[in-house]
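> coords below, sequence missing:
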């Protein structure tokens, strides 16, 4: 059976649904194709949805309409070793006011909502449909085929929002046939059930306030980090590893994760909780250098599929980039339909829109961040240095104290070396 | 958390037809076998005594790690499960 539409969106994640919503609102006949039994079923992420200004244009009271958990009012970073930790935290009342700066969410709920908004605007959602291939006719894209089903879905243009591995971009020849593990990370996460009052008390939260914490030094020397985010009555706790580093380490994500959960200070944070769900996903962390060709004849790539992820080590942004690029792709397709021209030349307007947007400006601005994050010392030596220095500063043991500058110099020399430290500072300076 | 008990805390609808097919002959000569340690669901196990790679797709989280770390192109098939099959997250 063949069904015809004006555009096919592959993947009902944040990029796909934002694109579908934009195009359906503009009056296009949109097929939104999703492999899960419902949108969000297959989607996994760390747990923070950063503020989405372009979605707020569509939903001015986004925080009141979308199915969100807590808003992030408090952010922390913990440098840790197997037995010590040094924690810094930021909190401001301005993050406690609308428009909120970020939220925790559950993807099966949030992605489903966003896709339903696209449906309300007139898009056709086709679930349980894994797109198998692109169909070409006379050298132009004519539609897609679905795995295990006969027939096809037809349209003159496709938005590939099929996630990090984007087989659509591969089939269209827009991305390289294989990935560089040095540009990829894998995140593992446990959803831990915990009573709401316990979370409020433990993390110092009231009302809908949420807490987001990142950890460095908790990955057994593998490049990566940890996170802990508060939902209403559960915690999202996990680790992220760079794949090249994880591969050569010989260590496993779940063993490292268990060690993280058992670290004495982390154990106190998750105590009393009960494991609900375990999940994992690959993250495109290569930044600007990893972005594939974004436009082909009759096809545009958005979201993770286009590696639109900004991992600077400070904020880990993905969904906000996905949604915004989905919207820009959607606008471009609307324009292409007005001209009835789906060639690369017309669709290249998407690239212009991107270059003009904060997405490309951020990725370009932080294009050296992946290089900085490849300094292995960040994941072991520096957290150890920080914790050890703090211990020396605080310790009272009846011996004369070393002056603080002397202490810093001695510790840096012993643990890392002055030259290396200066060069790392310079790399970080350039990256950030 | 015990990874052997993955089916106790994550839901799957398992297809009869595997979505990933591995040519295990390729794995014999692999100098690295990063899949065995990097896969978050421990789908890949290498037996040193039998010199054999075993792959089970039942508990696959569809994360993409093996697709990225395999540098020997050992997959004769790697696609996502048919619609309606595979991992089903409830609250992640």
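Here it is on my side, so go on. Only a predicted model underlies this, so the values are computations on that prediction, with no experimental measurement involved.

> so, low pLDDT: which residues of chain A?
Scanning chain A for pLDDT under 70 picks out A:1.

> buried sites along the lengthiest helix in it?
Longest helix in chain A, counting residues (DSSP state H): helix A:319-339. Neighbour counts using 16 or more other CB atoms under 10 Å in any protein chain shown place A:319-337 of helix A:319-339 among the buried residues. Where C-beta positions appear, they are placed from N, C-alpha and C, glycine not excepted.

> what parts of the stretch 201-350 of chain A come near chain B?
With CB under 8 Å from any CB of the partner chain as the criterion, the stretch 201-350 of chain A meets chain B at residues A:234, A:236, A:241, A:243, A:246-254, A:257-258, A:261, A:275-282.

> 7 Å - rerun?
Proximity of the stretch 201-350 of chain A to chain B, by CB under 7 Å from any CB of the partner chain, involves residues A:243, A:246-247, A:250-254, A:257-258, A:275-282.

> for ChimeraX, what selects the buried ones among those?
Here is the ChimeraX command that selects the buried residues among those (16+ other CB under 10 Å):
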select /A:243,246,247,251,252,253,254,257,275,276,277,278,279,280,281,282
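
> now the strands: where do they sit in chain B?
B:11-13, B:20-22, B:44-47, B:52-55, B:75-78, B:86-88 (DSSP state E).

> next one: the first one to chain centre, how far?
What it means is strand B:11-13. With CA atoms, centre = their mean, to the nearest Å as the basis, strand B:11-13 stands 15 Å off its chain's centre.

> which ones are touching residue A:376?
Applying CB atoms under 7 Å, 6 or more residues apart in numbering or on different chains to residue A:376 gives the contacts residue A:223.

> from the centroid of chain A, which residue is nearest?
When CA atoms, centre = their mean is applied to chain A, the residue found nearest the centroid is residue A:318 (3.5 Å).

> ok, now how distant is that one from chain B?
Between residue A:318 and chain B the computed distance is 14 Å (CB to the nearest CB, to the nearest Å).

> got a list of what residue A:69 touches?
With CB under 7 Å, 6+ apart, residue A:69 has these contacts: A:103-106, A:210, A:231-232.

> show me the contacts for residue A:49.
Here residue A:49 is in contact with A:102-103, A:105, A:319 (CB under 7 Å, 6+ apart).

> so is stretch A:105-119 next to chain B?
Yes: for stretch A:105-119, a contact with chain B is found by CB under 7 Å from any CB, at A:106-108.

> what does stretch A:146-161 give?
Yes: looking at stretch A:146-161 against chain B by CB under 7 Å from any CB, the contacts come from A:147-148.

> want to throw the contacts of residue A:69 into CSV with distance to residue A:177 and secondary structure?
Putting the contacts of residue A:69 into CSV (distance: CB to CB, whole Å; DSSP: H, G, I helix; E, B strand; the rest coil) gives the following:
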residue, distance to residue A:177, secondary structure
A:103, 37, strand
A:104, 36, strand
A:105, 34, coil
A:106, 34, coil
A:210, 41, strand
A:231, 38, coil
A:232, 43, coil
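
> now render the residues you listed as JSON lines, adding neighbour count.
JSON lines is the format used below for the contacts of residue A:69 (neighbours: other CB atoms under 10 Å in any protein chain shown):
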{"residue": "A:103", "neighbour count": "26"}
{"residue": "A:104", "neighbour count": "23"}
{"residue": "A:105", "neighbour count": "24"}
{"residue": "A:106", "neighbour count": "25"}
{"residue": "A:210", "neighbour count": "26"}
{"residue": "A:231", "neighbour count": "23"}
{"residue": "A:232", "neighbour count": "15"}
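
> helices of chain B, residue ranges please.
Using DSSP H, the helices found in chain B span residues B:6-9, B:24-28, B:34-38, B:65-69.

> so which elements touch the first one?
This points to helix B:6-9. strand A:274-284 (3 or more CB pairs under 7 Å, 6 or more residues apart in numbering or on different chains; DSSP states H and E).

> which outside residues touch the strand it packs on?
Strand A:274-284 is contacted by residues A:44, A:164, A:183-193, A:234, A:240, A:290, A:304, A:307, A:309, B:1, B:6, B:9-10, B:40-41, B:61, B:63-65, B:68, B:89-92 when judged by CB under 7 Å, 6+ apart.

> dig out what residue A:90 forms beta bridges with.
residue A:75 (DSSP bridges).

> separation between it and residue A:235?
Residue A:90 sits 20 Å away from residue A:235, going by CB to CB, to the nearest Å.

> quick one, which of these two is more surrounded?
residue A:235 (25 against 10; other CB atoms under 10 Å in any protein chain shown).

> quick revisit: of the contacts of strand A:274-284, just the buried ones, ChimeraX syntax please.
Buried residues among the contacts of strand A:274-284 (16+ other CB under 10 Å), as a ChimeraX selection:
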select /A:44,164,183,184,185,186,187,188,189,190,191,192,234,240,290,304,307,309 /B:1,6,9,10,40,41,61,63,64,65,68,89,91,92
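
> who's in contact with residue 85?
As the question left the chain open, I've gone with chain A. A:78-79, A:265, A:387.

> try chain B instead
With CB under 7 Å, 6+ apart, residue B:85 has these contacts: B:13-15.

> just give me the closest of those residues to chain A.
Relative to chain A, the closest of these is residue B:13; by CB to the nearest CB it sits at 8.2 Å.

> quick check: closest non-adjacent residue to the closest one.
Excluding its sequence neighbours, the residue lying closest to residue B:13 (CB to CB, 6 or more residues apart in numbering or on different chains) is residue B:85, at 5.2 Å.

> measure stretch A:236-247 end to end?
One end of stretch A:236-247 to the other measures 25 Å (CA to CA, to the nearest Å).

> now do it: everything it contacts.
Residues from elsewhere that reach stretch A:236-247 (CB under 7 Å, 6+ apart): A:46-47, A:104, A:181-182, A:184-192, A:218-219, A:222-229, A:253, A:256-257, A:260, A:270, A:283, A:285, B:32, B:34, B:38, B:65, B:68-69.
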